[in-house]
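[1] with the input below, show me the fold.
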Amino acid sequence: MELFYFNFNKQIMETSLMTGAYTAFNSKISDDEKQIFERATQGLHGVNYQPIAVATQVVAGTNYKFFCNTKVTALKAITQPAMITIFQPLKGEEHISSIELCK
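    Here you go, the predicted structure:
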């Protein structure tokens, strides 16, 4: 898993212009989407992730982009936005494709 920095506003503009791209971000995260997020992130330690919105893309399975607030589990830690991409294959378990810290 790689960690990337990106500009969130640029990402929204680029994905909204491409055919077959992700849906618009939705702040109403369904129970199924919450469960996918929880299963995929359950092994992460040291940082708490709180999903704020989600966008999806149907491929040979489904890609989920969760826009999150993050907080390192340390004293006086700052909250920072991040984008977690999770892939759910047609068969098998979902997994994290990337975590990108937003600037």
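[2] and Lys34, helix, strand or coil?
    helix (DSSP: H, G, I helix; E, B strand; the rest coil).
[3] any idea how far Phe25 is from the nearest residue to it once chain neighbours are set aside?
    Distance criterion C-beta to C-beta, 6 or more residues apart in numbering; nearest residue to Lys34, sequence neighbours excluded, is Pro51 at 7.3 Å. Just so you know, the C-beta spots here come from the backbone N, C-alpha and C atoms, and that holds for glycine as well. Distance, Pro51 to Phe25, by C-beta to C-beta, to the nearest Å: 11 Å.
[4] what are the bridge partners for Gln57, then?
    Asn63 (DSSP bridges).
[5] identify all residues paired with the residue nearest to Lys34 through a beta bridge.
    Cys68.
[6] surely it meets Ile29?
    Yes. With contact defined as C-beta atoms under 8 Å, Pro51 reaches Ile29; the gap is 5.7 Å.
[7] hey, what's in contact with both of those two?
    Phe37, Phe66 (C-beta atoms under 8 Å, 6 or more residues apart in numbering).
[8] sorry, back to before: joint contacts of Pro51 and Phe25?
    Phe67.
[9] ok, how many other residues are close to the residue nearest to Lys34?
    As a burial measure, Pro51 scores 19 neighbours (other C-beta atoms under 10 Å).
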